[in-house]
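> everything below, folded, please.
(one chain, ligands or ions: 2)
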Amino acid sequence: MIVPLPRFRVLQPTSVEAAVAACTANPGARYLAGGTDLIVNLRRGLGASGSLIDLSGVGDLDVLRCVAEGARIGAGVRIARLAAEPGIGRLYPALRAAALTVAAPGHRNLATVGGNLCLDTRCIYYNQSAWWRESNNFCLKAGGTTCHVAPEGERCHAAFSGDIAPALLAIGAEVEIAGPAGRRLSALAHLYRDDGRAHLTLAAGELVTAVVLPPGPMRCAYAKVRVRGAFDFPLAGVALALDLADGRLSGLRVALTGTNSRPLLVEGTAALVGREVGEALSVELDKIVQKQVRPMRTTLTQSNYRRIVAGALAARLLVSLAA
Ligand SMILES: Cc1cc2nc3c(=O)[nH]c(=O)nc-3n(C[C@H](O)[C@H](O)[C@H](O)COP(=O)(O)OP(=O)(O)OC[C@H]3O[C@@H](n4cnc5c(N)ncnc54)[C@H](O)[C@@H]3O)c2cc1C
Ligand code: SF4
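Ligands and ions are numbered 1, 2, ... in the order given. Okay, the predicted model is just below:
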């Protein structure tokens, strides 16, 4: 069944300040970047909006600077451009690997870093046409009163499934946010909360303008498991960054996507610092990850499989990066 897009107004600011002002002046307005997720959702009647603030004319968001001292990646940088930037591949291989797994080449030519970080959460009961959801009595996240995944609870468990965020979390990135009160810099982890209905901590009118990365020379990688190898959202995706000194861990950060309502920075990895990387350590990391991830029945693939895969991916990345 062909469903037309709802009617909306498109505003085209050319500066960050004008974008914030347009969003503040039009309650319910949404920022539009590449549109590869937002437009699909609007067609499905998800997150209806009277006004879209098109960010493609905001030149400020297009900066991509990557040197040994660190990197600044504008929110409007297209994912294909990010993946093709030689400095990113050399200094932040996890970020390049994650970018190359986002959707398909056609999407990556349009899709932006900001849109990927602010991607809506996903669930098999949510990413459906309006008539499908209506025949199911909708659900807590949009239009209904019950969560079909966990009917006894009162929260939505839809999963954050963007590929770029875990890579940036593992690398230790910060995010720059602009809003009615000006600009601020914050640890990327603070952009998210574990609530499938409201997983972003952005206040009204705020937008992500850039991510700022610390110096790159560290070993890092990203791997994900998906149903279709050609292109698909992650069932579980893991980014891992580590430093070694004399064959022992001197730093370790692990972050995940696809398993929780926010990208998850794994806790407790500092306790592994000083240890030699080998079978025993990888088994331990596997357990730590499995304990912290919370996959729910938001995909057709079983939750327990996604939990096991998350731990296994982390353990494998640890061993291969240290080798
Ligand atoms: C078939 C298909 C497969 C896909 N596979 C994957 C995949 O494997 N991995 C993956 O990560 N994604 C996947 N996607 C989702 C999507 O293509 C990407 O996440 C993309 O990076 C989204 O970026 P965008 O610029 O198109 O965002 P948009 O669709 O324009 O926006 C997404 C959301 O972010 C908000 N937003 C955009 N920019 C900003 C900003 N600067 N500040 C604040 N909010 C902002 C929008 O309001 C919207 O809510 C897939 C999509 C499709 C259709
Ligand atoms: S987790 Fe529950 S409330 Fe959230 S989208 Fe899925 S069915 Fe809806």
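
> please name the nearest non-neighbouring residue to the residue of the stretch 101-250 of the chain found nearest ligand 1.
Residue nearest to ligand 1 within the stretch 101-250 of the chain (CB to the nearest ligand atom): residue 115, separated by 2.0 Å. (Glycine included, C-beta is placed from N, CA and C.) Using CB to CB, 6 or more residues apart in numbering and skipping residues adjacent in sequence, the residue nearest residue 115 is residue 33, 3.7 Å away.

> now do the contacts for the one you found.
55-56, 75-76, 111-112, 114-115 (CB atoms under 8 Å, 6 or more residues apart in numbering).

> circling back: can you tell me the SS state at the residue of the stretch 101-250 of the chain closest to ligand 1?
Counting by DSSP: H, G, I helix; E, B strand; the rest coil, the backbone at residue 115 sits in helix.

> can I assume it is in contact with residue 38?
Yes - with contact defined as CB atoms under 8 Å, residue 115 reaches residue 38; the gap is 7.3 Å.

> and the stretch 101-250 of the chain, which residues reach ligand 1?
102-103, 107, 110-112, 114-116, 118-120, 162-163, 207-208, 231-233 (CB under 6 Å from any ligand atom).

> PyMOL command for the buried members of these?
The PyMOL selection below is limited to those of these classed as buried (16 or more other CB atoms under 10 Å):
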select buried, resi 102+103+110+111+112+114+115+116+118+119+120+162+163+207+208+233
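
> for the closest residue to residue 278 other than its chain neighbours, pull up the helix or strand it's in.
Computed as CB to CB, 6+ apart, the closest residue to residue 278 that is not its neighbour in sequence is residue 319, at 7.7 Å. Per DSSP states H and E, residue 319 falls inside helix 303-322.

> what's the burial count for the residue of the stretch 151-300 of the chain found nearest ligand 2?
Closest residue of the stretch 151-300 of the chain to ligand 2, CB to the nearest ligand atom: residue 156 (3.2 Å). As a burial measure, residue 156 scores 24 neighbours (other CB atoms under 10 Å).

> from residue 262, how far off is the closest residue to it other than its chain neighbours?
Excluding the flanking residues, the one nearest residue 156 by CB to CB, 6+ apart is residue 196, at 3.4 Å. From residue 196 across to residue 262, the span is 9 Å (CB to CB, to the nearest Å).

> assumed residue 156 was part of a helix.
No - the assignment for residue 156, made by three-state DSSP, is coil rather than a helix.

> apart from its chain neighbours, what residue comes closest to residue 73?
Setting aside the residues directly before and after it, residue 73 is nearest to residue 211 in space (CB to CB, 6+ apart), at 5.0 Å.

> for residue 258, see how far away the residue most central in space within the chain is.
Centroid-nearest residue in the chain, with CA atoms, centre = their mean: residue 162, separated by 3.2 Å. Per CB to CB, residue 162 is found 9 Å from residue 258.

> in a helix, residue 242, correct?
No - Residue 242: not assigned to a helix; according to three-state DSSP it is strand.

> next, give phi and psi for the residue lying farthest from the centre of the chain.
In the chain, the residue that sits farthest from the middle, by CA atoms, centre = their mean, is residue 246; the gap is 33.8 Å. Residue 246 adopts backbone torsions of phi 50, psi 40, taken as degrees, to the nearest 10.

> for it, give me its contacts.
The neighbourhood of residue 246, defined by CB under 8 Å, 6+ apart, contains no residues.

> all strands for the chain, in order.
According to DSSP state E, the chain carries its strands in the segments 9-11, 30-32, 51-54, 64-67, 70-74, 174-179, 182-187, 207-213, 219-225, 236-245, 248-257, 264-265.

> now do the last one, average pLDDT.
Throughout strand 264-265, pLDDT has a mean value of 98.

> likewise the second one?
Per-residue pLDDT values across strand 30-32 average out to 97.

> again with the fifth one
Per-residue pLDDT values over strand 70-74 give a mean of 98.

> that strand: partners in the sheet, and parallel or antiparallel?
strand 64-67 (antiparallel), strand 207-213 (antiparallel) (DSSP bridges).

> now what about the longest one, what contacts it?
Counting by CB under 8 Å, 6+ apart, strand 207-213 makes contact with 16, 19-20, 23, 31, 55, 60-61, 63, 66, 70-75, 92, 95, 113-114, 117-118, 168, 171-179, 183, 185, 188, 191, 202, all of which sit outside it.

> what do you get if the cut-off is 6 Å, keeping everything else the same?
Under the criterion CB atoms under 6 Å, 6 or more residues apart in numbering, residues 16, 31, 70-75, 114, 117, 168, 171, 173-178 lie in contact with strand 207-213.

> among the residues you listed, name the buried ones.
16, 31, 71-75, 114, 117, 168, 171, 173-178.

> near ligand 2, list only the ones from those.
Counting by CB under 6 Å from any ligand atom, no member of these is near ligand 2.

> much appreciated, bye for now.
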